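# Here is a sequence together with a model predicted from it:
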Amino acid sequence: MMAGTLCAVGVGTVMYLVANKPAKGSKKARKGRKTEGKKFIIGGNWKCETNCAKVDEIITRLNGIESIPDAIEIYCCPPFPHLATATIDLRADIAVSSQDCGVMEKYGAFTGDSFAGMLKDLGCEWALVGHSERRQYQKESSELVAAKAAAALKQGLGAVVCIGESKTEREGGLSVMKKVLLDDQMTALLKALGNDQSAWANVVIAYEPVWAIGTGLSATPAMAQETHKLIRDWVAAKIGPTTAANLRIQYGGSVKGATAKELAAQPDIDGFLVGGSSLKDDFLLIISEAEAGLKMR
Ligand code: PGA
């Protein structure tokens, strides 16, 4: 029988269709998430952009990286249907993240949802939650996003929590920015996690101004630095200076190889969340330019 073909098999009087699947790859022990030290963290958010061929192309590109710079940690967020391919085929020193996760605390009758423990079992090391596209299209509230982050942490995943303001909010000035980013998005997270340092040690904040996502309009390094500092100062005041100093805050929004160096040179930018460019060769340039930017500090 040929591998992968469907054939009819008779059992008594009943006929079953049996898939003779090709041999399954073994699931590697993944070790892409670095909890010790404060590595610059670069995530590739593949969004809903990849078919099987594209996933193979991206994985081949990443697996071909000769060596990942010591100061840098990388993760990828494939769409849900491609998570298993990534956890099996992607090199083990690049972590895999889901693009969302459920709030439930166990396996069960939750059709269409993804229990964080299931993602962990699959080999994921991170769950990305609260991306602005989910806040916008799925109407996810900051409370729901925070509950998802807590559910991910409870199952041993790291949580990448996205926050960000719209164009109108940015134009509203500092008081509006503070209201959105701090009083709403960060406060909801603080309410869900409390000031438990061990929980915050497994959290990454991805600051992504909504007006910069997929638009080619990146925040300038100075604008990003200023907002990251605002977030870190708030964490220092509400949770504590050690948590604030250790917290990694990624910048996201049209990061490209051409802009990565200057952004990475900013003292409060601890990583990138990359959308469009994570599907292309440019992602490799982002990694090397980030390394060069870190050396400029
Ligand atoms: P972009 O997307 O890099 O295409 O702007 C970033 C993101 O949405 O995570």
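Nice, thanks for sending it over.

# For the chain, what lies in contact range of the ligand?
The chain has residues 45, 208, 213-214, 252-255, 273-277 near the ligand, with proximity defined as C-beta under 6 Å from any ligand atom. The C-beta positions use only the backbone N, C-alpha and C, and glycine is treated the same way.

# Apply 8 Å and report the result again.
43, 45, 47, 131-133, 162, 206, 208, 212-216, 218, 252-256, 273-278 (C-beta under 8 Å from any ligand atom).

# Filter those residues down to the buried ones.
By neighbour count, with 16 or more other C-beta atoms under 10 Å, those hold 43, 45, 47, 131-133, 162, 206, 208, 212-213, 218, 252-256, 273-278 as buried.

# Of those residues, which belong to strands?
43, 45, 162, 206, 252, 273-274 (DSSP state E).

# what would the residues you listed look like in CSV with distance to Asn246?
What follows is these, written out as CSV (distance: C-beta to C-beta, whole Å):
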residue, distance to Asn246
Gly43, 18
Asn45, 23
Cys162, 19
Ala206, 16
Gly252, 20
Leu273, 19
Val274, 23
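
# Identify the farthest-apart pair in the residues you listed.
The most widely separated members of those, counting by C-beta to C-beta, are Cys162 and Val274 (12.8 Å).

# Tell me which residues touch Leu62, please.
Contacts for Leu62 were tallied using C-beta atoms under 8 Å, 6 or more residues apart in numbering; they are 74, 76, 90-91, 94, 283.

# quick one: contacts for Trp200?
Trp200 makes contact with 193, 235, 239, 243, 246-247 under the criterion C-beta under 8 Å, 6+ apart.

# Spatially central residue in this structure, please.
Among the residues of the chain, the smallest C-alpha distance to the mean C-alpha position (C-alpha atoms, centre = their mean) belongs to Leu128, namely 4.2 Å.

# May I have the phi/psi pair for that residue?
The phi and psi values for Leu128, taken as degrees, to the nearest 10, are phi -90, psi 130.

# Pick out the residue in the stretch 1-150 of the chain sitting closest to the ligand.
The stretch 1-150 of the chain approaches the ligand most closely through Asn45 (4.0 Å), counting by C-beta to the nearest ligand atom.

# Equivalent analysis for the chain, please.
Counting by C-beta to the nearest ligand atom, the chain gets nearest the ligand through Gly275, at 2.2 Å.

# Confirm for me that that residue is in contact with Ala212.
No. Using C-beta atoms under 8 Å, Gly275 is not in contact with Ala212; the gap is 10.2 Å.

# Find residues that contact each of those two.
Common contacts of Gly275 and Ala212, defined by C-beta under 8 Å, 6+ apart, comprise Gly252.

# hang on, Ala149 in a strand?
No. Under DSSP: H, G, I helix; E, B strand; the rest coil, Ala149 sits outside any strand and is assigned helix.

# For the residue lying closest to it once chain neighbours are set aside, what is the enclosing helix or strand?
Nearest residue to Ala149 in three dimensions, chain neighbours excluded: Ala159, at 4.0 Å (C-beta to C-beta, 6 or more residues apart in numbering). In the assignment (DSSP states H and E), Ala159 maps to strand 158-163.

# who's in contact with Arg134?
With contact set as C-beta under 8 Å, 6+ apart, Arg134 has these partners: 100, 140.
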